[in-house]
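Undergrad: just need the structure, nothing else, for what follows:
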Amino acid sequence: MQTWDRMAHRSALRLGPLLLLSLCASSTPVSLLRRLGEHLGQIQDSSSPSLSLGPGAVAFPKQGWLEQPLDPFNASDTRSFLQRYWVNDQHWTSQRGPVFLHLGGESSLRSGSVLRGHPTALAPAWGALVIGLEHRFYGLSVPAGGLDVAQLRFLSSRHALADVASARLALARLFNVSSSSPWICFGGSYAGSLAAWARLKFPHLIFASVASSAPVRATLDFSEYNEVRGSGRQVHAVLGGGLRPRGVSLPQCRAAASAAFAEVERRLHAGGATRSALRAELGACSPLDRAEDQAELLGALQALVGGAVQYDAQAGVPLSVRGLCGLLLEGRSNRSRSAPYHGLRRAVQVVMHSLGQRCLSFSRAETVAQLKVTDSQVSGVGDRQWLYQTCTEFGFYITCEGPRCPFSQVPALPSQLELCEQVFGLSASSVVQAVAQTNSYYGGQTPGATQVLFINGDTDPWHVLSITQASGPLESALLIPSASHCMDMAPDRPSDSPSLRLGRQSIFQQLQTWLRLAEESQVRSRA
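TA: All right, here's what the predicted structure looks like:
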């Protein structure tokens, strides 16, 4: 294995279009949440500082490439691909110092991975080397040969973990890192699960892991997304997870959301001019005459509301819970039935403007056609790849069919499973089996990994799939009040809540404990 910096320019030219968003992109629930996440990452990266090397000298993190086996489980298969990594050695003071390895997930890993967040903020205290490793098949780390099903069989969390182990050994040689240096993995969301699993599966290579908002339990029907529990009290819907707008109760906001969705359904069912007006008001790219397209619209609107909660109060978020509730309740004084709907319409406009989209596609046929594209240069920002992983490993299909869900009661699970069949030829039974196998292989919410810190925010809908209580002295858990998805990983801001600041202090203290253990081990080995 070797680094190929000379390949960087050629790879960027070949795969650069992966990073571009269409102005009329698909707006399925999953893709909309993914685009919100990408948007926030880009905003936060743009505010990341460059590396200061002294008066008048500025440098950016180093980008490198590792040649990795396409099939690490078959020694006779000699095919390979280039995996991108980033390096920030500004704070690295000794070859015996720790290495903080930031794992990428289901999107491109940008230079900000080694410029902001946990690893970089903590690196100066211990003189750590910070490395970011992009996930195979995402960003610029896409193997040659396209994204057909035959190729995608090399895309899984197990393949990604094999890459982590291989990269850990190769990078240690490349940077002449001491064999006694502790390597600590960091990751958020799916990458947080990878960080925990890397410690679980390779404890001889990974000394410890920090797993933020890590959904370690795979689930087919993720109805719990809309039934978040926050601060030990039952929150009556996904809207209840955020900050309460001044003068507004959470039940009022929930009721307004229900009324808005009911009005959308009424206008859809009315047909004719009423439905045409709805299309124009919600910025739909095409007519909403087909039932499957109407279901796509309702699911996307649900994702818009869910995204406000999932990323609440984060830098660059188009719409916070406070802002969304304010829009939904803006016209409540006139007691108009359509007032909450008009607030929802304005919320859609805010998000569209923020994402730079002229219209939103709710066409199921267009969605399927886009997801079937196997050319990596025009396949979007990883939607096809992530759908494949949900179909073959995780599920994570957000549904709203229970009485406690305030949105439209759309049977989303059959639609999601049908997508696996339409795009990849995978049956519903195979998806069910794959989810069960994932939990069996990793242990679900009882993985048994040691020296892993699980961090979650209690307003993040995904925390119900993570670990929020320590199961023993060697597995730690931190639940931060009023924090949203991966919020602990974001750069510090003056507006950060006291609970978030306290949570970050707890992360520092846990790392201090681990690194003290590593140092004691180094001393014993030298004695």
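Undergrad: so where's the stretch 51-200 of the chain shaky on pLDDT?
TA: Per-residue confidence for the stretch 51-200 of the chain (pLDDT under 70) gives these ranges: 51-59.
Undergrad: and the helices in it?
TA: 117-126, 149-152, 157-174, 190-201 (DSSP state H, counting those that start in this stretch).
Undergrad: got these as a markdown table, with mean neighbour count and distance to L355 columns?
TA: From N, CA and C alone the C-beta is placed, and that goes for glycine too. Below are the helices of the stretch 51-200 of the chain laid out as a markdown table (neighbours: other CB atoms under 10 Å; distance: least, CB to CB, whole Å):
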| stretch | mean neighbour count | distance to L355 |
| --- | --- | --- |
| helix 117-126 | 21 | 23 |
| helix 149-152 | 15 | 27 |
| helix 157-174 | 19 | 28 |
| helix 190-201 | 26 | 21 |
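Undergrad: need these in TSV (columns: distance to G444).
TA: Compiled in TSV, the helices of the stretch 51-200 of the chain are given as follows (distance: least, CB to CB, whole Å):
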stretch	distance to G444
helix 117-126	25
helix 149-152	24
helix 157-174	13
helix 190-201	11
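Undergrad: looking at those, which is closest to L282?
TA: For the helices of the stretch 51-200 of the chain, proximity to L282 was assessed by CB to CB; helix 190-201 is nearest, at 29.8 Å.
Undergrad: after that closest one comes which helix or strand?
TA: Using DSSP states H and E, the helix or strand that follows helix 190-201 in sequence is strand 208-212.
Undergrad: which helices and strands does that next one pack with?
TA: strand 183-188, helix 190-201, strand 452-457, helix 498-526 (3 or more CB pairs under 8 Å, 6 or more residues apart in numbering; DSSP states H and E).
Undergrad: what angle separates that strand from strand 183-188?
TA: 10 degrees (axes from the mean of the first three to the mean of the last three CA atoms, to 10 degrees).
Undergrad: show me what the helix or strand just after strand 208-212 is in contact with.
TA: With elements assigned by DSSP H and E, the helix or strand that comes after strand 208-212 is strand 219-221. Identification of contacts with strand 219-221 by CB atoms under 8 Å, 6 or more residues apart in numbering yields F394, G395, F396, Y397, T399, L413, V431, V432, V435, L465.
Undergrad: neighbours of R275, how many?
TA: 17 (other CB atoms under 10 Å).
Undergrad: please apply the same query to R524.
TA: The number of residues near R524, taken as other CB under 10 Å, comes to 8.
Undergrad: distance check, A284 against S497.
TA: 37 Å (CB to CB, to the nearest Å).
Undergrad: what about L478, which helix or strand?
TA: Applying DSSP H and E, one finds L478 within strand 475-480.
Undergrad: show me what that strand is packed against.
TA: strand 452-457, helix 498-526.
Undergrad: which of those sits most buried?
TA: strand 452-457 (a mean of 29; mean count of other CB atoms under 10 Å).
Undergrad: Provide the strand pairings for it, with the direction of each partner.
TA: As defined by DSSP bridges, the strand partners of strand 452-457 come to strand 208-212 (parallel), strand 475-480 (parallel).
Undergrad: save those strands as CSV, and put in mean neighbour count and distance to A257 too.
TA: CSV is the format used below for the strands paired with strand 452-457 (neighbours: other CB under 10 Å; distance: least, CB to CB, whole Å):
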stretch, mean neighbour count, distance to A257
strand 208-212, 30, 28
strand 475-480, 21, 25
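Undergrad: would you tell me which of the ones you listed gets closest to Y190?
TA: Nearest of the strands paired with strand 452-457 (CB to CB): strand 208-212, 10.5 Å.
Undergrad: strands along the protein, start to end?
TA: In the chain, the strands defined using DSSP state E lie at 51-54, 57-59, 62-69, 80-88, 99-103, 129-133, 183-188, 208-212, 219-221, 229-230, 233-234, 395-397, 452-457, 475-480.
Undergrad: I398 reaches E224, doesn't it?
TA: No - using CB atoms under 8 Å, I398 is not in contact with E224, being 9.2 Å away.
Undergrad: with neighbour numbers in mind, choose between those two.
TA: I398 (22 against 17).
Undergrad: let me see the confidence value for that one.
TA: If you check I398, the pLDDT there is 89.
Undergrad: before we move on, the earlier item: for the helices and strands packed on strand 208-212, give me JSON lines that also has distance to V381.
TA: Output for the helices and strands packed on strand 208-212, formatted as JSON lines (distance: least, CB to CB, whole Å):
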{"stretch": "strand 183-188", "distance to V381": "17"}
{"stretch": "helix 190-201", "distance to V381": "14"}
{"stretch": "strand 452-457", "distance to V381": "24"}
{"stretch": "helix 498-526", "distance to V381": "28"}
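Undergrad: quick one: contacts for F81?
TA: So F81 contacts E67, Q68, L70, R136, S141, V142, P143, A144 (CB under 8 Å, 6+ apart).
Undergrad: let me redo that: S223
TA: So S223 contacts I398, T399, C400, E401, G402, C405 (CB under 8 Å, 6+ apart).
Undergrad: and what of Q469?
TA: So Q469 contacts A477, L479 (CB under 8 Å, 6+ apart).
Undergrad: same thing but at 10 Å, please
TA: By CB atoms under 10 Å, 6 or more residues apart in numbering, the contact list for Q469 reads Q445, F454, E475, A477, L479.
Undergrad: name the residues linked to the third one by a beta bridge.
TA: With DSSP bridges applied, E475 shows beta-bridge pairing to V452, G472.
Undergrad: distance of it relative to W462?
TA: 19 Å.
Undergrad: quick one, phi psi at the residue most central in space within the chain?
TA: When CA atoms, centre = their mean is applied to the chain, the residue found nearest the centroid is S189 (4.8 Å). Dihedral pair for S189: phi 60, psi -130, per degrees, to the nearest 10.
Undergrad: can you pull the pLDDT of the spatially closest residue to it that is not a sequence neighbour?
TA: If the residues on either side of it in the chain are set aside, S189 comes closest to S213, at 5.3 Å by CB to CB, 6 or more residues apart in numbering. Note for S213: predicted pLDDT of 97.
Undergrad: S213 and S495: what is the separation?
TA: Counting by CB to CB - S213 and S495 are separated by 20 Å.
Undergrad: ok, the two, which is more surrounded?
TA: Neighbours were counted for S213 and for S495 using other CB under 10 Å; S213 has more, 29 against 8.
Undergrad: now that one, what are its backbone angles?
TA: Torsion angles, degrees, to the nearest 10, at S213: phi 50, psi 50.
Undergrad: that one and G97: what is the separation?
TA: 28 Å.
Undergrad: let me see the contact set for S179.
TA: Q95, R96, A172, S525.
Undergrad: the last one reaches S181, doesn't it?
TA: Looking back up the chat, that one is S525. No - the pair S525 / S181 is not scored as a contact, 11.8 Å apart, by CB atoms under 10 Å.
Undergrad: which of the contacts of strand 219-221 count as buried?
TA: For the contacts of strand 219-221, a burial check counting by 16 or more other CB atoms under 10 Å picks out F394, G395, F396, Y397, T399, L413, V431, V435, L465.
Undergrad: my guess is the second one contacts L413. True?
TA: Yes - because the distance of 9.2 Å satisfies CB under 10 Å, G395 is recorded as touching L413.
Undergrad: and for the two, which residues touch both?
TA: L220, D221, F222.
Undergrad: the first one - how many residues pack around it?
TA: Same thing as L220. 19.
Undergrad: report pLDDT for it.
TA: What the model reports as pLDDT for L220 is 96.
Undergrad: about what we covered before: so what's the residue nearest to S189 up against?
TA: Contacts of S213 (CB under 10 Å, 6+ apart): 187-193, 310, 454-457, 460-463, 465-466, 483-489.
Undergrad: closest to F154 among the buried ones among the contacts of strand 219-221?
TA: Distances from F154 to those, taken as CB to CB, are shortest for F394 (17.0 Å).
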